[in-house]
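> Need a 3D model of the following:
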Amino acid sequence: MMKMRRYAAAAIAIILILSAALTGCGSNKSVNGGNGSVSLSSSDNSGGSEGSGGSGNSSSSGEQVSITFWDENSGPQRTPYYEELINRFEAANPDIKVDYVGLPASSAKQKYDVAIASNEMPDIGGLNQFWISDFVAKGVLLDLEDYFSNWSEKDKIAPSAIDGSRSSAPDGKLYQIPNTSNYSTLWYRADWFEDAGISVPQTFDEFFATAGKLTDSAKGRYGYTIRGGAGSSKQLTEILYAYSGITEYFDQDGKATINDPAHVEFLEKYVQLYGKNTPTSDVTNGYKEMVAVFDTGIAAMVQHNLGSFGEHTKAFGENATEFKAAPLPKSTQGYRVVTGGDNVGLAIFKSSKNPEAAWKFLTFLASEESQNYWNQNIGQMPTRVDSLNSEWVKNSQHILALSEAIADPTTKVLIPPIYLPDYSSIQLNVLEPGFQSVLLGKESPEEFLDEWAQAMEAALAEYQKSFK
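Residues are numbered from 1 along each chain as shown. This is a model prediction of the structure:
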């Protein structure tokens, strides 16, 4: 349980850093405010030349080298920004060519797994924090401790973000540099709420009541949309613990809390929304389908995270004020619970023939300018303290709404056991199909949560056996 305590401390620390950043003085960097896009300046931002511990030159002969970069969540709302960053990097570093490969979020982990099995991994790739333990256990990631310690800008990355990355690895080493942070978000149609004279739900009783009030079958409107397809288990974890107020995934005896009676109670209420206050298509909806239900005016609320900001902004266009963000409601205990461990970052694979060039590209993407450009355009929180001080952060409704809740002294943090090598596979192979069975009435909420608990307890026991 020591790893859980270290990781919890890291998550709480980033809350304090975020709170201080948002109340401190703004940056003097020239960055557009509001929800608009931001452009990189033309200044040289070639990457961390000292980061490799040497001269930083990617090729001593001056010949151009190529590195392959895999984006773990590609799409029209994200890929163009990576392409722009790559163009900027290549202009400043003509000796390095970056080959971009975009992976859809729904299949990215599987594609990485296939690449690992066939030993055809990229040089560098985007890595969800939930995957670190699995990839480290497979021995495919490059240890970045020496690179990071020699990087001149290492102190600019929030220490808690780095600690969280280290705590996600079974051996406690640094394999991923976090570049963006995410938090569970309740996106809602502000115009529908205003027309109905309804306030944003602060409790789960209000949440369930609001889903009913904003359902209008005559207009083809639903109060809510549930993610029942790919990726459902992550969001379900967040909302279950947000409801119960429980902040430990395992108790002192290694028993999972996921099948606590409070979670059974919530899930029984939650599945009753399906087909009544949500579309029936929700049972198979993954990210794109879920977001489309909200963006096309079918649902009044959707639970996702800050990462769907770009999709919503494009869909609403000039009517972007019609949607807003809020934290999940307070638990039945009267306080909020936020789920940590949702950083996405960059990792270099051991098989890379050009690790110095890959590190140079990584530090370029982790620079202040790049983090501002990337995070403002996709709508997520940067991991650099100086970027958190930027004016665009302070002028972003969705980030402010979440950060104010996170900085509330009564807010508590849940840390999922993402350090378990089997965590991702359990989510994909046990929880996602199991939740669909519950929505379809083939399995009871209690049976499903018991299976969930058993799978996680077995994974914990195996982990403790292997990493004593």
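
> Low-confidence ranges, the stretch 251-400 of the chain, go.
Judged against pLDDT under 70, the low-scoring parts of the stretch 251-400 of the chain cover residues 341.

> can you give me the helices in it?
Taking DSSP state H, counting those that start in this stretch to define them, one finds helices in the stretch 251-400 of the chain at 261-271, 287-295, 309-316, 355-365, 368-378, 385-388, 391-394, 397-407.

> All the strands of this structure, residue numbers only.
With DSSP state E applied, the chain shows strands at 65-71, 96-102, 124-128, 177-181, 184-189, 301-305, 323-326, 337-339, 343-348, 412-414, listed in chain order.

> so who does residue 116 touch?
Residues in contact with residue 116 (Cβ atoms under 8 Å, 6 or more residues apart in numbering) are 135, 138, 140. (Glycine included, C-beta is placed from N, CA and C.)

> Local confidence estimate at the second one?
With respect to pLDDT, residue 138 has a value of 94.

> Same check on the first one?
At residue 135, the predicted lDDT confidence score is 95.

> Number of residues surrounding the residue nearest to it when sequence neighbours are not counted?
Closest residue to residue 135 in three dimensions, ignoring its sequence neighbours and counting by Cβ to Cβ, 6 or more residues apart in numbering: residue 141, at 5.1 Å. The number of residues packed near residue 141 is 24, by other Cβ atoms under 10 Å.

> residues contacting residue 141?
For residue 141, counting by Cβ under 8 Å, 6+ apart, the contacting residues are 132, 135, 175, 176, 347, 348, 349, 350.

> Mind putting those into a markdown table with distance to residue 147 and neighbour count?
Shown next, in a markdown table, are the contacts of residue 141 (distance: Cβ to Cβ, whole Å; neighbours: other Cβ atoms under 10 Å):
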| residue | distance to residue 147 | neighbour count |
| --- | --- | --- |
| 132 | 16 | 29 |
| 135 | 17 | 24 |
| 175 | 11 | 25 |
| 176 | 12 | 30 |
| 347 | 11 | 25 |
| 348 | 8 | 29 |
| 349 | 14 | 23 |
| 350 | 13 | 12 |
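
> Could you point out which of those residues is nearest to residue 89?
Of all the contacts of residue 141, the one with the least separation from residue 89 (Cβ to Cβ) is residue 348, at 15.3 Å.

> So that closest one sits against residue 146, correct?
No: between residue 348 and residue 146 there is no contact, the gap being 12.0 Å when judged by Cβ atoms under 8 Å.

> Give me whichever of the helices of the stretch 251-400 of the chain is most buried.
Greatest average neighbour count among these goes to helix 355-365 (a mean of 26), per mean count of other Cβ atoms under 10 Å.

> orientation of that helix relative to strand 65-71 in degrees?
Regarding helix 355-365 and strand 65-71, their directions subtend 50 degrees when assessed with axes from the mean of the first three to the mean of the last three Cα atoms, to 10 degrees.

> For helix 355-365, which helices and strands make contact with it?
Using 3 or more Cβ pairs under 8 Å, 6 or more residues apart in numbering; DSSP states H and E as the contact test, the elements touching helix 355-365 are strand 65-71, helix 79-92, strand 96-102, strand 124-128, strand 343-348, helix 368-378.

> Adding distance to residue 290 as columns, could you present those in CSV?
Conversion of these to CSV gives the following (distance: least, Cβ to Cβ, whole Å):
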stretch, distance to residue 290
strand 65-71, 21
helix 79-92, 20
strand 96-102, 20
strand 124-128, 18
strand 343-348, 19
helix 368-378, 17
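
> Give me the domain ranges for the chain.
21-182+341-407, 184-339+420-466 (automatic domain parsing).

> okay, the residue nearest to residue 135: pLDDT?
Predicted confidence (pLDDT) for residue 141: 98.

> who does it bridge with?
residue 349 (DSSP bridges).

> pretty sure residue 263 is touching residue 243, no?
Yes: in terms of Cβ under 8 Å, residue 263 counts as a neighbour of residue 243; the distance is 7.4 Å.

> Okay, now the unreliable bits of the stretch 51-200 of the chain?
Low-confidence segments of the stretch 51-200 of the chain (pLDDT under 70): 51-62.

> returning to that earlier point: mind checking the helices and strands packed on helix 355-365 for the one nearest to residue 158?
Of all the helices and strands packed on helix 355-365, the one in closest proximity to residue 158, counting by Cβ to Cβ, is strand 343-348 (9.6 Å).

> by contact count, what packs against the closest one?
Applying 3+ Cβ pairs under 8 Å, 6+ apart, one finds that strand 343-348 makes contact with strand 124-128, helix 159-167, strand 177-181, helix 355-365.

> Quick check: buried residues in the second one?
For helix 159-167, burial by neighbour count (16 or more other Cβ atoms under 10 Å) applies to 160, 161, 162, 163, 164, 165, 166, 167.

> I'd like to know which of the residues you listed is nearest to residue 393.
When the buried residues of helix 159-167 are compared for distance to residue 393 (Cβ to Cβ), residue 161 wins out at 15.2 Å.

> Wait, that closest one touches residue 182, no?
No: between residue 161 and residue 182 there is no contact under Cβ under 8 Å: 11.8 Å.

> Which residues are in contact with each of those two?
With contacts defined as Cβ under 8 Å, 6+ apart, the residues adjacent to both residue 161 and residue 182 are residue 343.

> what about residue 454, how many residues close to it?
By other Cβ under 10 Å, the burial measure for residue 454, its neighbour count, is 14.

> on that earlier part again, could I get the helices and strands packed on strand 343-348 as a markdown table with distance to residue 96?
Listed next are the helices and strands packed on strand 343-348 as a markdown table, based on distance: least, Cβ to Cβ, whole Å:
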| stretch | distance to residue 96 |
| --- | --- |
| strand 124-128 | 11 |
| helix 159-167 | 24 |
| strand 177-181 | 18 |
| helix 355-365 | 5 |
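
> closest one to residue 229 among these?
Of all the helices and strands packed on strand 343-348, strand 124-128 comes closest under Cβ to Cβ, at 17.7 Å.

> The closest one pairs with which strands, parallel or anti?
Strand 124-128 has its sheet partners listed here by DSSP bridges as strand 65-71 (parallel), strand 343-348 (antiparallel).

> residues of it that come out buried?
Within strand 124-128, the residues that qualify as buried by neighbour count (16+ other Cβ under 10 Å) are 124, 125, 126, 127, 128.

> Any figure for the gap between the spatially closest residue to the fourth one that is not a sequence neighbour and residue 165?
Spatially, and ignoring its direct neighbours in sequence, residue 127 is nearest to residue 347 (4.3 Å; Cβ to Cβ, 6+ apart). With distances taken as Cβ to Cβ, to the nearest Å, residue 347 is found 9 Å from residue 165.
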